[in-house]
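Student: got a sequence here, can you model it:
(one chain, ligands or ions: 3)
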Amino acid sequence: MSLRPVRFLRRGRLVEVAEVHPRTTLLDWLRLRERSCGTKEGCAEGDCGACTVVLARLRDGRMVYEPVNACIHLLGQCDGAEVITVEDLAEADGLHPVQQAMVEKHGSQCGFCTPGIMMSLFALQHEGGAPDRDAVNEALAGNLCRCTGYRPIVEAALDACSRSPSDRFSKTEASTSKVLAALDDGSDAWFGDPQAFFAAPASEDLLSRILEETPDATILAGSTDVGLRITKALEPIERIVWLGRVKGLDRVEDLPDAVVFGATVTHARALPHLEAIDPDLGDMMRRFGSKQIRAAGTVGGNIANGSPIGDLAPALIALGATIELRKAERLRTIPLESFFIEYRKQDREPGEYLRRVAVPKLRPGELFRCFKISKRRDEDISSTLGAVKVTLDGDLVAAARIAYGGMAGTPKRAPAAEAALIGRSIKQAATWRAAAAALPGDYRPLSDHRASARYRMQAAQAVLVKALAEMAGLPSASTRLHPRREASLAAE
Ligand SMILES: Cc1cc2nc3c(=O)[nH]c(=O)nc-3n(C[C@H](O)[C@H](O)[C@H](O)COP(=O)(O)OP(=O)(O)OC[C@H]3O[C@@H](n4cnc5c(N)ncnc54)[C@H](O)[C@@H]3O)c2cc1C
Ligand code: FES
Ligand code: FES
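Tutor: Ligands and ions are numbered 1, 2, ... in the order given. Below is the predicted model of the structure:
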């Protein structure tokens, strides 16, 4: 086994990481080591976007420009990417088009949020196409501005992003791609010492060996949860095993009856596949964190962290997903719902990791709905999230899977509500009411700063009635502000 240092591209130079602690964040490295202080620290927890930088990477052979929160992104995670910060945008002959548009539209006052906003807009412009107002709002959901107001910023974005990028990055994209492709040589990376290290294995076999030898090491995927344990809980995490370079774990397999997500598939990459299963999943994923969080956070990380308010778990439980885990040579597959044992306790042994998640597609006669309830529309954690899958035999409910997040110590099914539906006509409002009335038999939710127990239960009941009413044929226009996008659902 030959180990090389973590390395990334920065301003045309190859940087090899040495003599930094494994839990060093990209933001600290930029500001304290490189002294590139344009990138700001606001919240240090991935919420405000002041620290947004862009990582250019090759994904499926194509160059992508992904905005990430440098405050919670560890330096080692930059391996194989080009790191682009606000200092890199302007060129000798003037500002970058996104900067120039912000000047012309008066998009900045105190300026603290501005570098992060520039980087989000830079990433948006490099996505290509001319984004509409919705796309701009989505791109800015992870960037808080407290003094300018968003109207001029959105106008600047619409203006600048209506033109294809013509900057030093687009001009040198072919040569940069070659360098990044050469960096992706399948080798294993490592820095630190046996007590404190950042390991980036390239194969599952080496990953398994490292985890067997150091079962107490912290598994790291996108770092959108682990990062906060470092910056907010100040946990002295010493030994880190990053999954981001493991070949195969980032694969999406679109099979005829299921989509199989490798554990490190990011939310951004998972979104279109989930949306193709059902448009509600697309809407839910667009409200998952922000663009920055979705670019880094992974499907596997969202499940493995075992949070009772994680968004994917209840939706995927309702769909009947299974997960595959590996420890050394042993593979096992279990239903997702049985992974969650109790609050923050999962069916995962030390040294075992989540490999992949198989999500069944909807079959003829199966209907699905899912609703996220949170205080804010964008970038907010769910108070509750309800997901319902029903199999119909004519008008009768032949099978039902209902799952909620935020209603118990784990994401959990609702057996009493499911039983109340079986064999009854979905067309009758009495059926919907019976299922909702059964929910208090399934859950005893808590009160906390997000929502009271009473609110959670009432919201959960309302969501269930809404799902069933829509499935019964009540037009979604009368149950939603914006009608559900019906897409091309063969199953419906
Ligand atoms: C600003 C912000 C907004 C957020 N919004 C949402 C939201 O709307 N909805 C939501 O559900 N969550 C949200 N989150 C939480 C977080 O983004 C998600 O849980 C995300 O999916 C975590 O994935 P990750 O790859 O970043 O995991 P990491 O932080 O890398 O890891 C999370 C945990 O899982 C473990 N782990 C990771 N991968 C594996 C694996 N393959 N096998 C075994 N263990 C593993 C790690 O050891 C760690 O304990 C938000 C977080 C932030 C900071
Ligand atoms: S400093 Fe607020 S998101 Fe990073
Ligand atoms: S310009 Fe002051 S916070 Fe945005």
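Student: CA atoms of stretch 132-150 as CSV?
Tutor: These are the backbone C-alpha positions of stretch 132-150, laid out as CSV (Å, rounded to 0.1, in the frame of the first residue of the first chain):
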residue,chain,number,x,y,z
ASP,A,132,-35.0,32.0,-13.8
ARG,A,133,-35.9,33.8,-10.5
ASP,A,134,-36.8,30.5,-8.8
ALA,A,135,-33.4,29.0,-9.7
VAL,A,136,-31.7,32.2,-8.4
ASN,A,137,-33.6,32.1,-5.2
GLU,A,138,-32.7,28.4,-4.8
ALA,A,139,-29.0,29.2,-5.4
LEU,A,140,-29.1,31.9,-2.7
ALA,A,141,-31.1,30.0,-0.1
GLY,A,142,-27.9,29.3,1.8
ASN,A,143,-26.6,32.9,1.7
LEU,A,144,-28.0,35.2,4.4
CYS,A,145,-27.8,38.9,3.8
ARG,A,146,-29.0,41.0,6.7
CYS,A,147,-28.7,44.6,5.3
THR,A,148,-28.9,44.9,1.5
GLY,A,149,-32.1,42.9,0.9
TYR,A,150,-32.4,40.4,-1.8
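Student: which residues of the stretch 51-200 of the chain lie near ligand 2?
Tutor: Remark: the part of the stretch 51-200 of the chain in contact with ligand 2 comprises C51, N69, C71, using C-beta under 6 Å from any ligand atom. C-beta here means a position set from N, CA and C on the backbone, and glycine is covered the same way.
Student: distance of D205 relative to ligand 3?
Tutor: Noted for D205: a distance of 48 Å to ligand 3, by C-beta to the nearest ligand atom, to the nearest Å.
Student: rewinding a little: what about the residues of the stretch 51-200 of the chain next to ligand 2, which one has the most neighbours?
Tutor: Comparing these on neighbour count, N69 comes out first with 32 neighbours (neighbours: other C-beta atoms under 10 Å).
Student: that one reaches I293, doesn't it?
Tutor: Yes. Taking contact to mean C-beta atoms under 8 Å, the distance of 7.2 Å between N69 and I293 places them in contact.
Student: overlap of the contact sets of these two?
Tutor: Among the neighbours of N69, those also in contact with I293 (C-beta atoms under 8 Å, 6 or more residues apart in numbering) are G46, G142, T224.
Student: look up the residues forming beta bridges with M63.
Tutor: According to DSSP bridges, L58 are recorded as the beta-bridge partners of M63.
Student: just want the residue of the stretch 351-492 of the chain that's nearest ligand 3.
Tutor: Nearest residue of the stretch 351-492 of the chain to ligand 3: E379, at 15.8 Å (C-beta to the nearest ligand atom).
Student: distance check, that residue against C43.
Tutor: Between E379 and C43 the distance, using C-beta to C-beta, to the nearest Å, works out to 11 Å.
Student: with P5 instead?
Tutor: P5 sits 31 Å away from C43, taking C-beta to C-beta as the criterion.
Student: cool, and R424?
Tutor: Here the distance between R424 and C43 works out to 48 Å (C-beta to C-beta).
Student: could you do G94 as well?
Tutor: The separation that G94 has from C43, given C-beta to C-beta, amounts to 32 Å.
Student: also L32?
Tutor: Taking C-beta to C-beta as the measure, L32 and C43 are separated by 18 Å.
Student: quick one: which of those two has more around it?
Tutor: Set L32 next to C43 and count neighbours by other C-beta under 10 Å: C43 wins out with 17 against 13.
Student: hang on, the more buried one packs against I72?
Tutor: No. Look at C43 against I72 with C-beta under 8 Å: they stay out of range, at 9.7 Å.
Student: which SS state does whatever residue of the chain ends up closest to ligand 1 fall under?
Tutor: Per C-beta to the nearest ligand atom, G301 is where the chain lies closest to ligand 1, at 2.2 Å. Classification of G301 by DSSP: H, G, I helix; E, B strand; the rest coil places it in helix.
Student: could you do A130 as well?
Tutor: A130 carries the three-state label coil when classified by three-state DSSP.
Student: quick one: it and C161 touch, right?
Tutor: Yes. Assessed by C-beta under 8 Å, A130 is found in contact with C161 at 6.5 Å.
Student: same drill for those two, tell me which one is more crowded.
Tutor: Neighbours of A130 and C161, each counted by other C-beta under 10 Å, are more numerous for C161; the result is 26 against 11.
Student: that one and V136 touch, don't they?
Tutor: Yes. With contact defined as C-beta under 8 Å, C161 reaches V136; the gap is 7.2 Å.
Student: overlap in contacts, those two.
Tutor: Overlap between the contact sets of C161 and V136, as judged by C-beta under 8 Å, 6+ apart, is given by L124.
Student: show me what the lengthiest helix in the chain is packed against.
Tutor: As assigned by DSSP state H, the longest helix anywhere in the chain is helix 453-471. Contact here means 3 or more C-beta pairs under 8 Å, 6 or more residues apart in numbering; DSSP states H and E; on that basis helix 453-471 packs against strand 366-373, strand 384-393, helix 429-438.
Student: now the ones you listed in TSV, with mean pLDDT and distance to ligand 3?
Tutor: Converted to TSV, the helices and strands packed on helix 453-471 look like this (pLDDT from 0 to 100; distance: least, C-beta to the nearest ligand atom, whole Å):
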stretch	mean pLDDT	distance to ligand 3
strand 366-373	97	27
strand 384-393	98	31
helix 429-438	97	43
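Student: let's have these in CSV, adding mean neighbour count and distance to ligand 1.
Tutor: Supplementary listing: the helices and strands packed on helix 453-471 in CSV, determined by neighbours: other C-beta atoms under 10 Å; distance: least, C-beta to the nearest ligand atom, whole Å:
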stretch, mean neighbour count, distance to ligand 1
strand 366-373, 23, 8
strand 384-393, 24, 8
helix 429-438, 18, 24
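Student: closest to ligand 2 out of these?
Tutor: Of the helices and strands packed on helix 453-471, the one closest to ligand 2 (C-beta to the nearest ligand atom) turns out to be strand 366-373, at 21.1 Å.
Student: so that closest one versus strand 384-393, what angle?
Tutor: Computed with axes from the mean of the first three to the mean of the last three C-alpha atoms, to 10 degrees, the direction of strand 366-373 lies at 170 degrees from that of strand 384-393.
Student: paired strands for strand 366-373, with orientation please.
Tutor: Pairing partners of strand 366-373, with direction, according to DSSP bridges: strand 384-393 (antiparallel).
Student: any idea how far the strand it pairs with is from the chain center?
Tutor: The gap between the average C-alpha position of strand 384-393 and the chain average comes to 23 Å, counting by C-alpha atoms, centre = their mean, to the nearest Å.
Student: report the next helix or strand after it in sequence order.
Tutor: Scanning forward in sequence from strand 384-393 by DSSP states H and E, the next helix or strand is strand 396-405.
Student: that next one close to ligand 1?
Tutor: No. Applying C-beta under 6 Å from any ligand atom, one finds strand 396-405 out of contact with ligand 1, separated by at least 7.8 Å.
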